[in-house]
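> prediction below, plus the sequence it came from.
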Amino acid sequence: MAEENGKSQAQGEKAPAAAPDGKGKPFFDRANQVAESGNWDFAIEMLLLGIAKEPENLLRGHHRLREVAMQRKMSGGKPAGFMGKMKRKSTKDPMESLINAEWLMSRDPSDPTSWKQIILAAQWGGWKDVVEWAGGALYDINRMTPKPSKEIYLFLRDVYTQVELFGEAVRACQAAATLAPNDPTLHDSLRDLSARATIQKGKYDQGGSFTDSVKDLKGQMEAVRGQGLSQNEQFLLEQVVKTKVVYVADPSVPGKIIAYVDALAKLDEDGYENEAIDVLTKAFKELGTYRYKVRMGDIRIKQMKRRREKLRAVGDKEAASKAAKELLAFELAEYTERAANYPTDLGIKFELGVRQFQAGQYDDAISTLQQARRDPKHRLAAMHALGMAFFKKAWYTEAAETFQTALDSGDVPEKRRIELMYDLGLCHEATGNAVEAIARYSDVAQLDFNYRDVRERIEKLRAKAEQDKGETPQG
């Protein structure tokens, strides 16, 4: 019987406790009866009907299905054909997607694709135990192949992390790191997940009382210190532990919310930052304070920038360009919303105006930056961006006057002065005023001879002036 086969678990799987009989019992009983006669396909159909009634029943449902699928295969059962696969695709319903994926697995229990589909459907449906079971099966299938796939291990790592099975995520990440020992990102991920798995063992993560959490604090600190982290990383993780204990005691106190979020954000890891976003999302929904949503946006922007820089560092220009566009679109939407919520905050106006300029929305940028330039902190930068917006619209006179006003505004840092003079030179060159353009470029060259293409521009304009002079008829 299936219950007697529970001892023969694959290494990656967790043996479940027997579940009480439920709505799937008649189907599970019937499946066992017909399986004894070798009618594997009918047994599978009965098991799938039972699983649809009891998706959480691992022992009589999912485990038994895999056993029958293996017996079917050993007796010569064929994998699903093309039409069978087409009929059993994922749908908009998680239960239907799960049943379809398990049907495909029943035709070929060693096919990683169907196991991935099972995991995704179970994650979607919120059946965490099924995710863990199917993940263990896929881990073992991959481990026992002649050439294990790093991508499968990374898939498991990511899914396990999303459902907060950090111990399993550590194992999957370790397996991936073994296949790619020179990949520093995997080692960073493994260190992060190991620390999170350790912290998760604390009672404050397992539903214990606040008093129990405080009593266990010392043990958690010792666990963190045993992770082989740098002193700074160890300190930051200890702060996460301390602030979480305080936060859990009263998650509606603003100071405790922000302290915990700050501790998580300082680790500069997606996993911790996502946890911070979850905390802020909860606080925003319950308290309605907009600053929590602002902080969520700041964390997401930091994550997107980090991803963009990593792609640039590895030389993936196409992906980096796509990431940069996604970042700009997100920032533009974020600062537009913030400006609506804080209409008098000129700092937000400045950030919005810069993004509008970067997105090519020059009319909007001009209007926004004209307001932002009233802020002393951003005055020069706002005027510079405002002048460039005029320049992009080919309003060269307005651009030149804006640059000149900025230059005449008082104490302008040398770097900013060079940039303004160069851009003022561009305006004069665009309007055909070569004398003024050369003069401004010359001012730049005298401060920084290697600034951009200033030498080439001066030489080109002077050469043209000499040529024009030589071609002038003598009277």
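Alright, I've got the coordinates.
> endpoints of stretch 146-153, how far apart?
The stretch stretch 146-153 measures 15 Å between its terminal residues, going by C-alpha to C-alpha, to the nearest Å.
> correction: stretch 404-413
Distance between the two ends of stretch 404-413: 15 Å, counting by C-alpha to C-alpha.
> quick check: buried residues in it?
For stretch 404-413, the neighbour count (16 or more other C-beta atoms under 10 Å) marks Gln404, Ala406, Leu407, Val412 as buried. Heads up, the C-betas are built off the backbone N, CA and C, glycines and all.
> need phi/psi at the last one.
Dihedral pair for Val412: phi -100, psi 120, per degrees, to the nearest 10.
> report pLDDT for the residue nearest to it when sequence neighbours are not counted.
Leaving out its chain neighbours, the residue that sits closest to Val412 by C-beta to C-beta, 6 or more residues apart in numbering is Leu380, at 6.4 Å. Leu380 is assigned 96 on the pLDDT scale.
> ditto for Leu186
You'll see Leu186 listed with a pLDDT of 84.
> tell me the phi and psi of Ala359?
The phi/psi pair for Ala359 (degrees, to the nearest 10) reads phi -90, psi 0.
> that one against Glu331, yeah?
No - in this structure, Ala359 is not within contact of Glu331 by C-beta atoms under 8 Å, at 9.2 Å.
> ok, the two, which is more surrounded?
Glu331 (21 against 15; other C-beta atoms under 10 Å).
> so, low pLDDT: which residues of the chain?
Scanning the chain with the threshold set as pLDDT under 70 gives 1-21, 84-85, 198-231, 471-475.
> got the contact list for stretch 72-80?
38, 40-41, 44, 88, 103-104, 106-111 (C-beta atoms under 8 Å, 6 or more residues apart in numbering).
> out of these, what pair is the most spread apart?
With distances taken as C-beta to C-beta, the most widely separated pair in these is Gly38 and Arg88, at 23.4 Å.
> the more surrounded of these two?
With neighbours defined as other C-beta under 10 Å, Gly38 and Arg88 compare such that Arg88 has more, 20 against 11.
> the helix or strand hosting Gly347: which residues count as buried?
For Gly347, the host element (DSSP states H and E) is helix 346-358. Within helix 346-358, the residues that count as buried by 16+ other C-beta under 10 Å are Leu346, Ile348, Lys349, Phe350, Glu351, Leu352, Gly353, Val354, Arg355, Gln356, Phe357.
> packing partners of that helix?
helix 317-341, helix 362-372, helix 379-392 (3 or more C-beta pairs under 8 Å, 6 or more residues apart in numbering; DSSP states H and E).
> now the helices for the stretch 151-300 of the chain?
166-179, 184-200, 210-215, 217-225, 231-249, 254-265, 270-287, 290-313 (DSSP state H, counting those that start in this stretch).
> how close does Glu414 get to Ala172?
53 Å (C-beta to C-beta, to the nearest Å).
> pick out whichever of those two has more residues nearby.
More neighbours surround Ala172 than the other of Glu414 and Ala172, with 27 against 9 (other C-beta under 10 Å).
> ok, now which ones touch the more buried one?
Ala172 touches Gly135, Tyr139, Tyr153, Leu154, Leu156, Arg157, Tyr160, counting by C-beta under 8 Å, 6+ apart.
> quick one: whichever strand or helix holds the second one to chain centroid distance?
Assigned by DSSP H and E, Tyr139 belongs to helix 128-143. When C-alpha coordinates are averaged (C-alpha atoms, centre = their mean, to the nearest Å), helix 128-143 and its chain have centres 24 Å apart.
> same thing with stretch 362-377?
With C-alpha atoms, centre = their mean, you get 32 Å for stretch 362-377.
> show residues contacting that stretch.
Residues from elsewhere that reach stretch 362-377 (C-beta under 8 Å, 6+ apart): 339, 346-347, 349-350, 352-354, 356-357, 378-379, 382-383, 385-386, 389-390, 392-393.
> okay, now the domains of this structure?
Following automatic domain parsing, one finds the domains of the chain at 206-243, 413-468.
> dump these into TSV; add distance to Glu168 as well.
Formatted as TSV, the domains of the chain follow (distance: least, C-beta to C-beta, whole Å):
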stretch	distance to Glu168
domain 206-243	16
domain 413-468	51
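> just to revisit the earlier point, packing partners for the helix holding Tyr139?
Using 3+ C-beta pairs under 8 Å, 6+ apart, helix 128-143 is in contact with helix 112-125, helix 150-162, helix 166-179.
> what packs against the shortest one?
By that I understand helix 150-162. By 3+ C-beta pairs under 8 Å, 6+ apart, helix 150-162 packs against helix 112-125, helix 128-143, helix 166-179, helix 184-200.
> and the ones you listed: which comes nearest Leu58?
helix 128-143 (5.6 Å).
> before we move on, back to that, need the helices and strands packed on helix 150-162 in TSV (columns: distance to Val444).
Shown next, in TSV, are the helices and strands packed on helix 150-162 (distance: least, C-beta to C-beta, whole Å):
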stretch	distance to Val444
helix 112-125	57
helix 128-143	60
helix 166-179	50
helix 184-200	41
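> of all these, which lies closest to Met70?
helix 128-143 (11.0 Å).
> could you give the angle of that closest one to helix 166-179?
Computed by axes from the mean of the first three to the mean of the last three C-alpha atoms, to 10 degrees, the angle separating helix 128-143 from helix 166-179 equals 20 degrees.
> how about stretch 310-317: buried residues?
For stretch 310-317, by 16+ other C-beta under 10 Å, it's Leu311.
> who touches it?
Contacts for stretch 310-317 (C-beta under 8 Å, 6+ apart): Thr185, Ala319, Ala320, Ala323.
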